[in-house]
Each structure stands twice: as structure tokens, then as C-alpha cells.
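A.B. asks: Fold the following, please.
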Amino acid sequence: MRKKTQLIHGGIAGDKHTGAVSVPIYQVSTYKQDGVGNFVYEYSRTGNPTRAAIEDLIKDIEGGHRGFAFGSGMAAITSVIMLLSAGDHLILTDDVYGGTFRLMSKVLTRFNIDVTFVDTSNIEEIEKAVKPNTKAIYVETPTNPLLKVTDIETTAKFAKAHDLLLIVDNTFSTPYWQNPIALGADIVLHSATKYLGGHSDVVAGLVVVNSEKLGTDLHFIQNSVGGILGPQDSWLLIRGIKTLGIRMEEIEQNTQQIVEFLQSHNAVSSIYYPGLETHKGHAIHKKQATGFGGMVSFDVGSTEKAEDLLKRTKYFTLAESLGAVESLISLPAKMTHASIPAERRAELGITDGLVRISVGLEDAADLIEDLEQALR
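C.D. replies: Okay, here's the model as predicted:
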């Protein structure tokens, strides 16, 4: 089954009881049992038919063993990290989403989980960071917001050789362009709020694991902690995923035209986009993914110029988040990555003049004209 077909026909399709082609929203908390312990579903924190449908769908399109749906991307990340124990050590991509950085540096440290941030695009940095108590490597690729690329296959081989879990945040590429489990990853994460939902109307997190043991262990955590996705949001996510393929293709076409425009503009000093041959990691991304996506970051030189740009755009909406049908624009240093200390942002290259755009489905000419007038 090819990708676009799988997005529509993967997982649990329709409703066998009524013939409905869309999975119903099972807005229910508990279920009748035919005798003690004789049931299909017991309680909706443990399992819900609508949530089961999205969990089965993401499992199929990521090519894993079992899928899980959570109430947000951060709930998904937190639950995955709960597979570790106090005293364990985690290696994490340095240029990571600000919410992930906050969780790892401000919350998990309270539970004695040690975290080392390294440039995972350099396998030697990963090798140097390994400790006797290291249990996992957590990678974003491409990263947020500098679009750095980590070689998933190489990192997976290293992880396996050292008996470490490899966790990959696949939010930016989506399973339409990139499938980390096929490259050797153990766990794949998504902020499904973004491209998978695609319409700025749902907050969700999805996880796929590659083994029965990880599936059993993560379900125990999901059921115990209870950070589940509700049936209404599960249904919205299924609906969004059906159009993921055509959205990602159109978004990428728009993005390529916008990047060409930015390259020609003298107000832009640096552009970060994996589709550029000059982008560090371009060749690796091209090897492990079939598309370059719709996220672009570029530097306009200062906070003042960046904020002026953000005030003047008409079709690029100033907002948090990404991956929607509408184009979004943000200032990472003051928005998505504000929780990272200024000195740390400077070390990473997240400058005060760095602007991040999430390209949507508007006409590319309108988007280019919008950026042109705002830059002017």
C-alpha cells in the first residue's frame, strides 16, 4: 500500500456496526461487561475505540509495532521519558524545541534523570556523551528552529551497539516524508498538533514503538498517568491525516519558491532549510527522507528588524505552533524558545533576529509578495 492510500485506508477504517465510512466518535467513559473481566473495552482511560483507531493508523503509517495517542506532544514526550528510571542518563539534541528543553532541564531533573544536550548531527559528540548510566538517545531531526539534521541510521547503529534506546521526534518531517523506525529507531514521537492535525484545531501527541515490550511498557505508563487523547480530538486527527500527503507536497512546493525568494533578498543574512544544497546535513536528509518539508528559518539581523517584519505580514500569521494550512511566522528567541536562557540560545545560534516560518497552503505568489512588502 502506497503512502497516500495508507493515510486513508490504514489503521481501523469505518464502523462495522453501521457501515459508516468514518470512524465514529465514541464519547463514552465506561463500557458494559458481559461478565466480570469479559469485555472489549473497560474504561476510556485504558482504551477507547476512536483513540484506538488513531493509534492503529499512526502505527501503520510509521511502520511500527504499536501506536499511542496523548493529550499533547509534551504529554507524549513525558510519557516516553517515564520509561527511564531515577539515576538514568539521557542524551538529547541541543537545538531542541523549547518546551522539550524546559521539561528536561526543569522538571525531569527533580526525578534524578540526568540529561546531556549535544549536537546529535555529529556522531562523535554522541559518543563522547555516553556514560555508564546512559539509557537512551533522543533526537529531533530536522531540529527546531535551526533545521539541523541527524543521521538516524548511523545513530541507530551506535545506539544498538551500546544497548541504548533511540527516540526520534519526527514532527517536522512527518511520516509522509520520513520513517525513523525503518532506519532503526526504537520510538518515534510527534506533536500531532502540527502537520498531522494540520488545521490548527487540535492539540495532540502520538508515539509509535518498534517492539511488543516497549508497547506493553508504554501502555502501562499511558494508563497509569492518564495523559490520553480524547475521542473528539482523536477523530479530528484521523480526518487531518487523510490529507497529509497532498498537504505536504503542496507545502513543499510553496516552500521551495519562498526559499528562492529569500536567497535573493539582501535583508536576509542566513537561511536554514534542509532543501538547500548548502545546508549542513542536506545530503543526509536527502538520504533518509523523501521530502524537505515546510519549515524555514532566516536571520534578518536584529530583534528590531525581526519584530518589524512580524508586525507587517498579512498572510503569515504571528502565532505559536506550525504545520497548519495557514502560514505562520514567529520569533523563536521570544516565543517557542524563550524558555531557553539567552546565553544558551546564543551558543546554539538562535539569534534575536532569527525568524521562523511555517509555510502553508496559500498561493505561493501571495506569500512571497507578503514577505517582500514586510521586508521592504
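
A.B. asks: Doesn't residue 149 belong to a helix?
C.D. replies: No: counting by DSSP: H, G, I helix; E, B strand; the rest coil, residue 149 is located in no helix; its state is coil.

A.B. asks: For the stretch 201-350 of the chain, which segments count as strands?
C.D. replies: Using DSSP state E, counting those that start in this stretch, the strands of the stretch 201-350 of the chain run over 205-209, 270-272, 295-299, 317-318, 328-330.

A.B. asks: Residue 244: which of those strands is closest?
C.D. replies: Comparison of the strands of the stretch 201-350 of the chain against residue 244 by Cβ to Cβ identifies strand 205-209 as nearest, at 12.3 Å. Using the backbone N, CA and C atoms, a C-beta is placed for each residue, glycine as well.

A.B. asks: Need the mean per-residue confidence for that closest one.
C.D. replies: Mean pLDDT, strand 205-209: 98.

A.B. asks: In PDB, list the C-alpha atoms belonging to it.
C.D. replies: Extracted in PDB, the C-alpha atoms of strand 205-209 (Å, rounded to 0.1, in the frame of the first residue of the first chain):
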ATOM      1  CA  GLY A 205       0.800  13.800  20.700                       C
ATOM      2  CA  LEU A 206       1.500  10.500  19.000                       C
ATOM      3  CA  VAL A 207       4.000   7.800  19.700                       C
ATOM      4  CA  VAL A 208       5.000   4.600  17.800                       C
ATOM      5  CA  VAL A 209       7.200   1.900  19.300                       C
END
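
A.B. asks: quick one, what contacts residue 148?
C.D. replies: Counting by Cβ atoms under 8 Å, 6 or more residues apart in numbering, residue 148 touches 93, 95, 119, 121, 141-142, 280-281.

A.B. asks: let's see 10 Å
C.D. replies: Neighbouring residues of residue 148 by Cβ atoms under 10 Å, 6 or more residues apart in numbering: 93-96, 119-122, 140-142, 272, 274, 279-281, 285, 348-349.

A.B. asks: Tell me, how many residues neighbour the residue lying closest to residue 201 once chain neighbours are set aside?
C.D. replies: Counting by Cβ to Cβ, 6 or more residues apart in numbering, residue 201 lies nearest to residue 236, which is 6.1 Å off, once chain neighbours are set aside. Residue 236 has 21 neighbours, counted by other Cβ atoms under 10 Å.

A.B. asks: Identify each of the helices in the stretch 201-350 of the chain and give its residue range.
C.D. replies: Secondary structure of the stretch 201-350 of the chain (DSSP state H, counting those that start in this stretch): helices at 212-225, 231-242, 244-263, 282-288, 303-312, 342-348.

A.B. asks: tell me the centre residue of the chain?
C.D. replies: Residue closest to the average C-alpha location in the chain (Cα atoms, centre = their mean): residue 171, at 1.9 Å.

A.B. asks: Once you drop chain neighbours, what's closest to that residue?
C.D. replies: Spatial nearest neighbour of residue 171, chain neighbours left out: residue 191 (4.7 Å); criterion: Cβ to Cβ, 6+ apart.

A.B. asks: give me the number of residues near the one you found?
C.D. replies: 29.

A.B. asks: Could you number the chain from 322 rather than 1 from now on?
C.D. replies: Noted, 322 is the first residue going forward, which turns the last one into residue 512.

A.B. asks: contacting residues for it?
C.D. replies: Applying Cβ under 10 Å, 6+ apart to residue 512 gives the contacts 391, 393-395, 397-398, 418, 420-421, 465, 490-493, 518, 524-527, 642-644.

A.B. asks: partner residues bridging it?
C.D. replies: Residue 512 has the following beta-bridge partners by DSSP bridges: residue 526.

A.B. asks: any idea of the pLDDT on it?
C.D. replies: On the pLDDT scale, residue 512 is placed at 98.
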